[in-house]
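Undergrad: pasted the sequence and its predicted model underneath.
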Amino acid sequence: MATRSNQLHIAMFPWFATGHMTPFLHLSNELAKRDHKITFLLPHKAHFQLRHLNHHPSLITFHTITVPHVEGLPLGTETASDIPIFLNHLLAIAMDKTRDQVQQTLTIIKPDFVFYDNAYWMPEIAREIGIKTVCYNVVSASSLAIALVPARKVNDSITEEELRVPPEGYPSSKVVLSGNEAKALSFISLPFGEGNITFYDRIVMAMKGSDAIGIRTTRELEGNFCDYIASQYEKQVLLTGPVLSLDDSAFEEKLEPYWADWLDGFERASVVFCAFGSQINLEKAQFQEILLGFELSGLPFIVALKAPIGCETVEEALPQGFEERVKGRGKVSRGWVQQPLMLKHSSVGCFVNHCGFGSMWESLMSDKQIVLVPHLADQVLNTKLLVGELEVAVEVERGETDGWISKESLSKAIRLVMDEGSEVGVRVKINHAKWKENGGTSVLINAYIDKFLQNLQHFSN
Ligand SMILES: O=c1ccn([C@@H]2O[C@H](COP(=O)(O)OP(=O)(O)O[C@H]3OC[C@@H](O)[C@H](O)[C@H]3O)[C@@H](O)[C@H]2O)c(=O)[nH]1
């Protein structure tokens, strides 16, 4: 616990995306739980979306930032959830335009530290004011190590073949991108922010300029990748562990009765839950194929996906007669659900997800069977970690021509982990339980935060 004399004041300024702001807030909760003070800088809309996750409002203050309009973005855009993923580079321009606001705020509040990820200009501001910086990464160490280190040479004509080759010294031969997968990395050479800075240059500058690099991971999961990053940047890499705020006894959130009552009607570990995070925009045909896969599996299910491209609502995207056919055993959510609480319900037996880093950790820390459908490059690498290295999950097979999953392949993957007596199902279950015993205990995870804080205290002196 911090005393008045060693209480730290930390400002947080994450990328304007749910998958980044949420883990920054989870970390804020953990630090506030230990009596440290946080000022959390975020867009107006995000303030309303996240305030229920602020477990320590007396120590965590939200400070809203006005996100300016940038041509090409829909009016009122403030976070990545408001736009399709291909417009994110314009949102980065909007973030860069908030620099003066951020500088003014930091000058007034003068915290001990500022944590950031995408705002590569932060170290410059912080140095002027006399604040220490931590570039805090909420994606896996493996995805940073393969794509965003000085040893990776990037230019605007980088080819898929070049992207497929990991940078010199990269420490794994299993967690790599093969075949078509490397295409997913091509975004690193594209403009992402004001002045046409590339995504690669942005993140490398953000890391190089920091006083320390923080990563939301553990040594047990990614020690070799963390060491590689530390040697690439010649900097200390501080790990926070997964920081999930799942067992904050000070704050007991309950699963909405609508879902809790429905789930209560099923046998233990029989229901399949599916969610793909905050960023993925599926095509209507892809969305429908997923639903048909659940129907084909014959198992009870809850699917919580965003309405696909071109549809205002989930309703209008449903396959004809779908809800009638699955009545009594399948539900399609009309919006965001409480994923962490869904994963705590005893009737849920399997989690089908996109392997975003947040969902990856939440599935690892749960006792559910894991089925993966990755989309973005980091999700492909996270999937390799879980399927190839840890062998705790299965990935849904994709068609060679369209690169997308079919209802048959989804249903097959689900049955593979859910059918009683399935060899694969038993194997991943045992491996998952073993991994949790060694790498996922609450003692270990709390120890990560304590150690992280010790390191920060050391830096602040
Ligand atoms: O309905 C939902 C869906 C999701 N969630 C929560 O939203 C969070 C989603 O975070 P993820 O990291 O899994 O996925 P996102 O797609 O939102 O993240 C983004 O940033 C992190 C990267 O690893 C991902 O690749 C990127 O997509 C999870 O904590 C999950 O519990 C809900 O609470 N309800």
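TA: Ah, there it is. What you are looking at is a predicted structure, and each value in this text was computed from that prediction instead of being measured.

Undergrad: so what pLDDT did the one residue in the stretch 151-300 of the chain that gets nearest to the ligand get?
TA: Going by CB to the nearest ligand atom, the ligand is nearest to Gly277 of the stretch 151-300 of the chain, at 2.6 Å. C-beta here means a position set from N, CA and C on the backbone, and glycine is covered the same way. Listed pLDDT for Gly277 reads 93.

Undergrad: so it is in contact with Gly358, correct?
TA: Yes. With contact defined as CB atoms under 8 Å, Gly277 reaches Gly358; the gap is 7.1 Å.

Undergrad: quickly list what's touching both of these two.
TA: Gly19 (CB atoms under 8 Å, 6 or more residues apart in numbering).

Undergrad: higher neighbour count, those two?
TA: Per other CB atoms under 10 Å, whichever of Gly277 and Gly358 has more neighbours is Gly358, with 25 against 22.

Undergrad: that one: helix or strand, and which one exactly?
TA: Gly358 is part of helix 357-365 when elements are defined by DSSP states H and E.

Undergrad: how far does that helix sit from the chain's center?
TA: Here helix 357-365 shows a centroid-to-chain-centroid distance of 8 Å under the convention CA atoms, centre = their mean, to the nearest Å.

Undergrad: that one: what's the following helix or strand?
TA: strand 369-372.

Undergrad: strand partners (parallel or antiparallel) of that next one?
TA: strand 348-353 (parallel), strand 393-395 (parallel) (DSSP bridges).

Undergrad: confirm the residue of the stretch 151-300 of the chain closest to the ligand sits in a strand?
TA: No. Assessed with DSSP: H, G, I helix; E, B strand; the rest coil, Gly277 is coil; it does not lie in a strand.

Undergrad: gap between it and Val443?
TA: According to CB to CB, to the nearest Å, Gly277 stands 28 Å off from Val443.

Undergrad: same check on Val326?
TA: 42 Å.

Undergrad: and these two? which has more neighbours close in?
TA: A direct count of neighbours by other CB under 10 Å for Val326 and Val443 places Val326 higher, at 18 against 6.

Undergrad: find the nearest non-adjacent residue to that one, please.
TA: Glu295 (5.6 Å; CB to CB, 6 or more residues apart in numbering).

Undergrad: list the residues that contact the one you found.
TA: 322, 325-326, 330, 407.

Undergrad: among those, which are in helices?
TA: Those of those mapping onto helices are 322, 325, 407, per DSSP state H.

Undergrad: contacting residues for the closest residue to Gly440 other than its chain neighbours?
TA: Once flanking residues are discounted, Gly440 sits nearest to Met365: 5.3 Å by CB to CB, 6+ apart. By CB under 8 Å, 6+ apart, the contact list for Met365 reads 242, 244, 246, 436, 440.

Undergrad: show the pLDDT at Met365.
TA: 93.

Undergrad: separation between the residue nearest to Ser460 when sequence neighbours are not counted and the ligand?
TA: Nearest residue to Ser460 in three dimensions, chain neighbours excluded: Asp112, at 5.1 Å (CB to CB, 6+ apart). Distance, Asp112 to the ligand, using CB to the nearest ligand atom, to the nearest Å: 27 Å.
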